[in-house]
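Novice: Next one to model:
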Amino acid sequence: MAFAPKAGCPMCSIVALAATELQSTRASDAPEILWRDDNFTAYREKVNPISSRAHIIIAFNLHVPSLYTLSSSDLPLLANVRNLARRLLGASLPSSPGCSPINSPTSAPLQQDSSQFRIGFITPPFKDNKIPVSDHLHAHAYITPADQLGWWRGVAYGPLAWYAIDDLIAEIRESVSNNRVKSGYENRQNAPIDLVPDAGARAGAADGHDFTLPSLGCS
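Specialist: Numbers count the residues shown, from 1 in each chain. Prediction:
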């Protein structure tokens, strides 16, 4: 099986725990699982958060080694990571309703101000030394300010190593189309193209030949 669970991987253990959480009583020191579906497991980082407001980690259920494994066919997955992260962070704000699979599908964009949210990946070879998992793809999502970051961890979350998910999605779309959708402008978070999660997910030639790579997604 491609990207099968890896023995000894902390993220694989959390994914496995989340899969059985409803059938058993969770231990007191177990991660606080916020969401699980066929593709992702999200949990709250309580031991070493970088923000006192919220720090959430969204792990791919498959043992995907890095973001460099992704292709244009995985754009819907990345869009779902972003939407899920925004909803979970939004639920962490005061007076916000909770997030559940019933009322918060990951495919739907969040209709609220998310300017305080930071969502992205730490690119190899950099890593968060407090969460030293470097070979199981996972996204970090937090609410600014990062008041518990510290200077050394700040390298991993700074411009040298941080890859914002909006930038990643935009750059993949640009690589397979003529559309200039790179982030950086004022209304990037409300870009119309984001209403179409599959936008840019297929690659082909002018003669109609399709050479899209298989997606990692389970659904």
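Novice: what ranges do the strands span in the chain?
Specialist: Ranges of strands within the chain are 32-36, 40-44, 55-60, 117-122, 138-143, 162-164, based on DSSP state E.
Novice: residues near residue 38, how many?
Specialist: Residue neighbour count, defined by other C-beta atoms under 10 Å, stands at 8 for residue 38. (C-beta placed from N, C-alpha, C; glycine too.)
Novice: just residue 144 next, same as before
Specialist: Counted with other C-beta under 10 Å, residues neighbouring residue 144 total 12.
Novice: cool, residue 121 as well?
Specialist: By the other C-beta under 10 Å criterion, the neighbourhood of residue 121 contains 20 residues.
Novice: surely residue 84 meets residue 35?
Specialist: Yes. Look at residue 84 against residue 35 with C-beta atoms under 8 Å: they come within range, at 6.4 Å.
Novice: Neighbour count: the two, which is higher?
Specialist: Comparing residue 84 with residue 35 by other C-beta under 10 Å, the one with more neighbours is residue 84, at 28 against 20.
Novice: Next, show the common contact partners of residue 84 and residue 35.
Specialist: Applying C-beta atoms under 8 Å, 6 or more residues apart in numbering, one finds that residue 84 and residue 35 are jointly contacted by 42, 58.
Novice: For the longest helix along the chain, enumerate the helices and strands it packs against.
Specialist: Looking across the chain with DSSP state H, the single longest helix is helix 75-92. Counting contacts by 3 or more C-beta pairs under 8 Å, 6 or more residues apart in numbering; DSSP states H and E, helix 75-92 is packed against strand 32-36, strand 40-44, strand 55-60, strand 117-122, strand 138-143, helix 165-175.
Novice: what residue ranges in this structure score low on pLDDT?
Specialist: 1, 21-29, 96-113, 178-215, 217-219 (pLDDT under 70).
Novice: before we move on, the earlier item: dump the helices and strands packed on helix 75-92 to CSV, plus distance to residue 78.
Specialist: Listed next are those as CSV, based on distance: least, C-beta to C-beta, whole Å:
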stretch, distance to residue 78
strand 32-36, 16
strand 40-44, 11
strand 55-60, 11
strand 117-122, 10
strand 138-143, 9
helix 165-175, 5
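Novice: Of those, which is nearest residue 91?
Specialist: With C-beta to C-beta, the closest approach to residue 91 among the helices and strands packed on helix 75-92 belongs to strand 32-36: 8.2 Å.
Novice: buried sites along the closest one?
Specialist: Residues of strand 32-36 classed as buried under the neighbour-count rule (16 or more other C-beta atoms under 10 Å) are 33-36.
Novice: Kindly report the same for stretch 141-150.
Specialist: Of the residues in stretch 141-150, 141-143, 146, 149 count as buried by neighbour count, 16+ other C-beta under 10 Å.
Novice: Out of those residues, which is nearest to residue 90?
Specialist: Using C-beta to C-beta, residue 143 is the member of the buried residues of stretch 141-150 that sits closest to residue 90, with 9.3 Å.
Novice: farthest-separated two in the buried residues of stretch 141-150?
Specialist: Greatest spatial distance among the buried residues of stretch 141-150 (C-beta to C-beta): 141 and 149, at 14.4 Å.
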